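Undergrad: Give me coordinates for this.
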Amino acid sequence: MDPFLPVLTFHALDDQPSVISFSPEVFRCGMAKLHENGYRAMSLSEAVNCLRRRKPFPAQSFVITFDDGYQTVYEFAFPVLQDYAMTATIFLTVGKNRRRNLEERLPQLESRFMLSWQEIREMQRHGMEFGAHTCTHPDLTCLPMDQIKAEICDSKKIIEDALGFSVTSFAYPYGQFNDSIRELVQQHFACASSDNLGFVTARSDLYTLKRIDAYYLRTDRLFNLMLTRWFPWYIQMRHIPRWVQRTVKSGL
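TA: All right, here's what the predicted structure looks like:
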């Protein structure tokens, strides 16, 4: 059994020069390598269930998450995940439109095409999980409380109405939250993911779960570190400059 669990965070799978882009080929090769070495992608809800029951994570397990809901998740990631019997949790930014025609796509982010509800439903039928990521992807800490509630609660309801399943997970846009936002999320969800860099452990807060941004795994060589004992040390090394940068920024 493993004492810590890597929760990987992807956004768009493409070769654009952007911090949210991840090469589809590196993704495919990385998942193949993990599968070949006996790794298993567990769902975020499974991981949370282990935490709530104080059970250790199964050996060689990890979690895959996608933020925002870009169309490339369906185009590139979904076939790979099916090939290796893997699951993922996809956090959707759903927009304010409560109409959910199957052909309708989520509103664009970063000038990219987003998932359609038909694609979302197809992925759900094949074992993908879906969580809420607000309606319009704002920095929640900059909004008044009534707008915060609308962004969080409406996004949950829109997804639940569309899919017919309870939405139990949430991801903070830009990783931004405060105590009031965390408390509100806790009232409506079983867990929430932050963008704090690190691993999930038995002592993790269910509403500020740490993740590992795929930006730090963006080449075959970096991705293959997951297979080595050096992986925790590598993530810790990347955490230090990130922590310094955010500490300095918050003090300005």
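Undergrad: what stretches of the stretch 101-250 of the chain score poorly on pLDDT?
TA: In the predicted model of the stretch 101-250 of the chain, residues 241-250 satisfy pLDDT under 70.
Undergrad: Just checking the distance from the helix or strand where Lys156 lies to the centre of its chain.
TA: Using DSSP states H and E, Lys156 sits within helix 145-163. Distance, stretch centre to chain centre, for helix 145-163: 18 Å (Cα atoms, centre = their mean, to the nearest Å).
Undergrad: which other residues reach that helix?
TA: Applying Cβ atoms under 8 Å, 6 or more residues apart in numbering, the contact partners of helix 145-163 are 92-94, 96, 98, 100, 117, 120-121, 124, 130-136, 138, 140, 143, 166-167, 170, 180-181, 184-185, 188-189. For every residue, glycine as well, the C-beta is placed using N, CA and C.
Undergrad: what's the answer for stretch 112-128, then?
TA: Around stretch 112-128, the neighbours that count as contacts under Cβ under 8 Å, 6+ apart are 12, 14, 68-74, 78, 81-82, 87-90, 92-93, 100-108, 130, 162-163, 165.
Undergrad: Any of those buried? List them.
TA: Neighbour-count burial (16 or more other Cβ atoms under 10 Å) is assigned, among the contacts of stretch 112-128, to 12, 14, 68-74, 78, 81, 87-90, 92-93, 100, 105-106, 130, 162-163.
Undergrad: So which of the contacts of helix 145-163 are in helices?
TA: Per DSSP state H, helices hold the following members of these: Trp117, Ile120, Arg121, Gln124, Ser180, Ile181, Leu184, Val185, His188.
Undergrad: can you pick the most crowded of those?
TA: Highest neighbour count within these: Ile120, with 26 neighbours (other Cβ atoms under 10 Å).
Undergrad: Across the sheet, point out what pairs with Thr89.
TA: Note on Thr89: beta-bridge partners by DSSP bridges are Thr65, Glu129.
Undergrad: unless I'm mixing things up, it is touching Phe62, no?
TA: No. Using Cβ atoms under 8 Å, Thr89 is not in contact with Phe62, being 12.0 Å away.
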